[in-house]
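Peer 1: Any chance you could fold what I've pasted below:
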Amino acid sequence: MRNTYVSDRRYVHRLLSKTAVSEEVLIVTSYDYFLQKYDLALLLKRYKEIILIPHSDDDDYLLNHTVRPLLDKFEKIHLVTNPQYDKRNRVIYELVVRKNKSIRITTVYDFCERSLKKVYIPDNVSEINPNLLNIPSFGRRVRYPKKIIDITISIILFLFTFPLWILSYFRIKLQSPGPVFFYQERVGMDNKSFHCIKFRSMGLDAELNGASFSKKNDSRTFSYGSFMRQSRIDELPQLINIFKRDISLIGPRPERQVFTETFDEIIPYYNMRHNIKPGITGYAQVMYSYGAGVYDARHKLMYDLYYIKNWNLFLELKIILLTAVVIFGKKGR
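Peer 2: Purely as a prediction, here's the structure:
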């Protein structure tokens, strides 16, 4: 990314790519919402400039002082539209046609899925994404290969990591009195509860003040507990949950009911993630940086619903590979 420019009116965020390509994309929506740094880095490899136009009360000034000058520079315009802003979309289209420029129009719903490999989740609860009107549960065509992958990899992982189970048992006992395993009620497929099993990484008084999201460098963890969380060793007992058919290897992260009830009220389509079994790892976990709260839950949902809607064997294997990169390379977005 070579340059970042914000107009005097602070309406437009402008990004310039390093490579000279022929097309410019206009994002007609709030620029700080569905586009993350990873998305922008990806798009800047394909477009020479990106103009991100947030909602404003002065569209005439905005469009005439930002869109019109671009038409003298570029022959091809890619307009990504949000149907909520029909008036703005029409003005941009008319400006382009008047200049005899080429224009390609894509809705933000299709753009997210095709270009960013995630599903657009509206920021406004009253807005409807037509691409999400019906997402079914996995049928036999998906369940059977997933079951084979789950059982095969889980057995291999259990045998390969069994020495870590023994080591973790004694380290936890030495560093923190109490049970080795931690059982926590989570929400699974069809909103049915199950007990998620993990190695205990925190003290017994970790939630004296009530339920809260865990975070990086959590002060509630003991020494080996912190190491387990960084290396994902604490997740190993969830293999037992796979054998019990509570969860799958790949799927949305299982959350606690106290959080899912809140998310379901304020995040559109959130309940759709419960159409399938949750997973030890998942598309959202390898594509989105660690975070907690409503904002992060909304963005993770974009990846979870893409996974459900567009499942294929290649995507399943890709997530497994990316999970290995995250664990062994200690990487991740």
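Peer 1: Residue ranges in this structure under the pLDDT threshold?
Peer 2: Low-confidence segments of the chain (pLDDT under 70): 1-14, 16-32, 54-59, 61-62, 204-219, 330-333.
Peer 1: Domain ranges for it, per the record?
Peer 2: Domain assignment for the chain, taken from automatic domain parsing, gives 3-116, 140-329.
Peer 1: possible to save those as JSON lines with distance to residue 129 and mean neighbour count?
Peer 2: Placement of C-beta: from N, CA and C, glycine included. Shown next, in JSON lines, are these (distance: least, C-beta to C-beta, whole Å; neighbours: other C-beta atoms under 10 Å):
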{"stretch": "domain 3-116", "distance to residue 129": "5", "mean neighbour count": "16"}
{"stretch": "domain 140-329", "distance to residue 129": "7", "mean neighbour count": "17"}
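Peer 1: would residue 169 count as being in a helix?
Peer 2: Yes. Residue 169: assigned to a helix according to DSSP: H, G, I helix; E, B strand; the rest coil.
Peer 1: could you pull out the strands for the chain?
Peer 2: With strands called from DSSP state E, the chain shows them at 3-6, 13-16, 23-28, 49-53, 76-81, 102-107, 181-187, 193-199, 248-250, 279-281.
Peer 1: Please tabulate those in JSON lines, including the columns distance to residue 39.
Peer 2: Putting those into JSON lines (distance: least, C-beta to C-beta, whole Å) gives the following:
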{"stretch": "strand 3-6", "distance to residue 39": "15"}
{"stretch": "strand 13-16", "distance to residue 39": "11"}
{"stretch": "strand 23-28", "distance to residue 39": "10"}
{"stretch": "strand 49-53", "distance to residue 39": "10"}
{"stretch": "strand 76-81", "distance to residue 39": "12"}
{"stretch": "strand 102-107", "distance to residue 39": "15"}
{"stretch": "strand 181-187", "distance to residue 39": "28"}
{"stretch": "strand 193-199", "distance to residue 39": "31"}
{"stretch": "strand 248-250", "distance to residue 39": "22"}
{"stretch": "strand 279-281", "distance to residue 39": "21"}
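Peer 1: To residue 267, which of those strands lies closest?
Peer 2: Counting by C-beta to C-beta, residue 267 lies closest to strand 181-187 out of the strands of the chain; the figure is 14.2 Å.
Peer 1: what separates that closest one from the chain centre, distance-wise?
Peer 2: Put simply, strand 181-187 sits 23 Å off its chain's centre (C-alpha atoms, centre = their mean, to the nearest Å).
Peer 1: who does that strand pair up with?
Peer 2: Partner strands for strand 181-187, per DSSP bridges, with pairing direction: strand 193-199 (antiparallel).
Peer 1: CA atoms of the partner strand as PDB?
Peer 2: C-alpha atoms of strand 193-199 as PDB (Å, rounded to 0.1, in the frame of the first residue of the first chain):
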ATOM      1  CA  SER A 193     -26.000 -27.800  24.600                       C
ATOM      2  CA  PHE A 194     -23.000 -30.100  25.200                       C
ATOM      3  CA  HIS A 195     -20.000 -30.100  27.500                       C
ATOM      4  CA  CYS A 196     -16.800 -29.000  25.800                       C
ATOM      5  CA  ILE A 197     -13.700 -30.700  27.200                       C
ATOM      6  CA  LYS A 198     -10.400 -28.900  27.500                       C
ATOM      7  CA  PHE A 199      -7.200 -29.100  29.500                       C
END
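Peer 1: Could you tell me how far the residue positioned nearest the centre of the chain is located from residue 270?
Peer 2: Centroid-nearest residue in the chain: residue 300, 2.8 Å away (criterion: C-alpha atoms, centre = their mean). As judged by C-beta to C-beta, to the nearest Å, residue 300 and residue 270 stand 10 Å apart.
Peer 1: Tell me which of the strands of the chain sits nearest to residue 227.
Peer 2: That would be strand 193-199 among the strands of the chain, by C-beta to C-beta, at 10.8 Å.
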